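> sharing a model prediction with you, sequence too.
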Amino acid sequence: TNYKLQTIMTTPTQNSSENMISNQLPIRLTSIVVPGFGRGSKELGIPTANLCKKSLKCKVGFDSLPCGIYWGFARIIQEKKEFDGQLQHDGGKDNAERDTNPSQLTTINYTMKTALSIGYNPVYKNEEKTIEPHLIAPKDHPLRNISKCGETELIDLYGAEIRLSIVGYIRAELPFEGLDKLIVAIKNDIVIAEQLADEKDQTI
């Protein structure tokens, strides 16, 4: 599959909704990375950093954050710290099973592009709203996969504090039929996010 920046046809209603969302951007927030549902890496092959609702610092309330797929920038601003493993889903793992070596984070000490989702992931029919950025390493970084979209294989970030700037809107959450179509869409989102971020000053 070839991943490239695509122009998606929208209805007047969709355009109105997108304009309302775009008028709220950029949105800046900080939060702690906590365990999510464990699907990003295991089922989709696209790891994300699940952000903690309770630790969120943002001018826009968590429940008021508009759902959708976005692009922006992210930065690790504090390495791993102790966190409550029950703040979010832990996939059945206890804290002793997680690798919490702070030295692992020394490879991520700069601003990274990100493709992120805010919402309920209609494919999985989540009942809880989540914020899940996929951090995009530079093209020549060893964490980048050799694939059409070059998704980044993140190291363990649990307990790290992330500053996130949500700059632009890509699309709405969609109820894709099956994981294969979801994966194709997410990889295309990553390509779009990287292309749009390349045109923007990386300042958070």
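Yep, that arrived. Residues are numbered from 1 along each chain as shown.
> rest of the way, CA atoms for contacts and neighbours
OK.
> give the buried residues for stretch 70-79.
Within stretch 70-79, the residues scored as buried using 16 or more other C-alpha atoms under 10 Å are Tyr70, Trp71, Gly72, Phe73, Ala74, Arg75, Ile76, Ile77, Glu79.
> point out where this structure drops to low pLDDT.
Along the chain, segments meeting pLDDT under 70 span 1-17, 38-42, 79-109, 146-155, 201-204.
> re earlier: what's the closest of the buried residues of stretch 70-79 to Pro47?
Closest to Pro47 out of the buried residues of stretch 70-79 is Ala74 (14.6 Å), distances taken as C-alpha to C-alpha.
> tell me the contacts of that closest one?
By C-alpha atoms under 8 Å, 6 or more residues apart in numbering, the residues touching Ala74 are Thr111, Met112, Lys113, Thr114, Leu135, Ile162, Arg163, Leu164, Ser165, Ile204.
> how long is stretch 119-127 end to end?
Distance across stretch 119-127, first residue to last, is 9 Å (C-alpha to C-alpha, to the nearest Å).
> measure Leu65 to Asn121 for me?
Distance, Leu65 to Asn121, using C-alpha to C-alpha: 15 Å.
> out of these two, which sits in the busier spot?
Counted by other C-alpha atoms under 10 Å, Leu65 and Asn121 do not tie: Asn121 has more neighbours, with 20 against 17.
> helix, strand or coil: sort out the more buried one for me.
Under DSSP: H, G, I helix; E, B strand; the rest coil, the three-state class of Asn121 is coil.
> what's the local residue count around Lys54?
Lys54 has 11 neighbouring residues, counting by other C-alpha under 10 Å.
> hang on, the earlier thing: from the buried residues of stretch 70-79, which land in helices?
Counting by DSSP state H, the buried residues of stretch 70-79 place none of their members in helices.
> and the helix of greatest length in the chain, what other elements does it pack with?
Identified as the longest helix of the chain according to DSSP H is helix 179-198. Taking 3 or more C-alpha pairs under 8 Å, 6 or more residues apart in numbering; DSSP states H and E as contact, the helices and strands that helix 179-198 lies on are strand 68-78, strand 112-119, strand 161-171.
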